[in-house]
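Asker: fold the following.
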Amino acid sequence: MSTQNLKSIFEERTQNISSIFSSYRTLYDIYLSALKTADANQNTIIALEKAKASVDNAQSKISNQLYSQGFILLVGAAEAFLKDIFDSLLTENFTKIKTPAGLNFSANEVQDAVRKWSERDNSLINLNAALGKLVQKRLHDTKNPIEKLNFQNVQTMRTLFDTYFDIYIADSTTTKTIHKYWQQRHSLIHNAGVIDKRYIHNVQAVGLLDKDEQLGAEISISRGIYTKAVKNFSELFDEMDRLIKDKKLNFALIGSTDEIELNIDDLFID
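Answerer: Next up is the predicted model:
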């Protein structure tokens, strides 16, 4: 088993996302303070104070844009982490994989995996990993969209862990909320945050469509939503950590301390 729990690993991977917010300060307050310190013209100070409402509104929009960018990275990191967990389970637990019907391999494929194993340290652990990687490659290479691994859909993700490892992630308020996060991320990246019929249909499916989420409205990610997303993903990974331990599966999660790389493409919002 990994010496860290999944929650702490996820926090390590996403800790540098907070740098987006740590450098954000209220420029209005800084400017006003500087003017008062410099004994500026009183009329200038009064005029600036009257403009505070509009300045606050503008800063609120900027803040939401920053949290939207952080949210996109956070949800993307969670998706990548789920894939890493699944792949690690495949390569470390070949004999415990509940292979579904139709996942078959030719003699040549198995021979190639065993040959690669024999060229290295031919221990049972490495043979297990070689055969597990064979399953992993087949699952990732499948051209059938129905069978393709998908960690952007909560129901598909739950089914994958249940089908292959008998890890049953219960349907809950947390998983339903995470389902909505993936819809929000998709909309922010692919539809400039504008709510369309697809978004409404997918969020209504879990009963979490807010009354102000109307067709054509824009999704706004506040600090509260971002903070709640961190909490919900932490809850999911805590639960998965417990389930993996309950099943007594081998699990080291190689590369578990890697932090998410800030991808500039993920930060782009029209």
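Asker: what mean pLDDT does stretch 243-256 get?
Answerer: If you average the pLDDT over stretch 243-256, you get 79.
Asker: for the most centrally placed residue in the chain, which non-adjacent residue is spatially closest?
Answerer: Closest to where the C-alpha atoms of the chain average out (C-alpha atoms, centre = their mean) is Ala78, at 2.2 Å. Among residues not flanking Ala78 along the chain, Phe233 sits closest, at 4.9 Å (C-beta to C-beta, 6 or more residues apart in numbering). Yep, even glycine has a C-beta here, placed from its N, CA and C like the rest.
Asker: my read: that neighbour touches Phe10, true?
Answerer: Yes - counting by C-beta atoms under 8 Å, Phe233 does reach Phe10; the two are 6.4 Å apart.
Asker: any shared contact partners between these two?
Answerer: In terms of C-beta atoms under 8 Å, 6 or more residues apart in numbering, Phe233 and Phe10 are both contacted by the residues Ala78.
Asker: give me the number of residues near Thr247?
Answerer: I think there's a mix-up here, since residue 247 is Lys and not Thr. Per other C-beta atoms under 10 Å, the neighbour tally for Lys247 reads 15.
Asker: quick one: the residue nearest to Gln184 when sequence neighbours are not counted and Leu243, what's the gap?
Answerer: Leaving aside its chain neighbours, Gln184 sits nearest to Ile219 (5.5 Å; criterion: C-beta to C-beta, 6+ apart). From Ile219 across to Leu243, the span is 31 Å (C-beta to C-beta, to the nearest Å).
Asker: now swap in Thr159 and tell me
Answerer: Note on Thr159: its distance to Leu243, by C-beta to C-beta, is 14 Å.
Asker: Asp241 contacts Lys7, doesn't it?
Answerer: Yes - between Asp241 and Lys7 there is a contact under C-beta under 8 Å: 6.8 Å.
Asker: enumerate every residue touching Lys180.
Answerer: Taking C-beta under 8 Å, 6+ apart as the test, what Lys180 contacts is 203, 206, 208.
Asker: repeat the analysis, applying 6 Å as the threshold.
Answerer: Lys180 makes contact with 203, 208 under the criterion C-beta atoms under 6 Å, 6 or more residues apart in numbering.
Asker: name the helix or strand for it, please.
Answerer: Assigned by DSSP states H and E, Lys180 falls within helix 173-190.
Asker: again, but for Phe86
Answerer: Residue-wise, Phe86 maps onto helix 52-92 under DSSP H and E.
Asker: for Phe251, same thing?
Answerer: Under the assignment here (DSSP H and E), Phe251 is part of no helix and no strand.
Asker: what's the neighbour count on it?
Answerer: 18.
Asker: now swap in Thr95 and tell me
Answerer: Neighbour count of Thr95, defined by other C-beta under 10 Å: 10.
Asker: quick revisit: so between Asp241 and Lys7, which is more surrounded?
Answerer: Taking neighbours as other C-beta under 10 Å, Asp241 and Lys7 compare with Asp241 leading, 20 against 17.
Asker: burial of Leu90, as a residue count?
Answerer: Residues near Leu90, counting by other C-beta under 10 Å, number 22.
Asker: check the spacing between it and Ala217 real quick.
Answerer: Distance from Leu90 to Ala217, by C-beta to C-beta: 41 Å.
Asker: again with Lys247
Answerer: To Ala217, Lys247 is 43 Å away according to C-beta to C-beta.
Asker: over to Leu74?
Answerer: Going from Leu74 to Ala217 by C-beta to C-beta gives 22 Å.
Asker: and those two? Which one has more around it.
Answerer: Each of Leu74 and Ala217 has its neighbours counted (other C-beta under 10 Å); Leu74 has more, 24 against 14.
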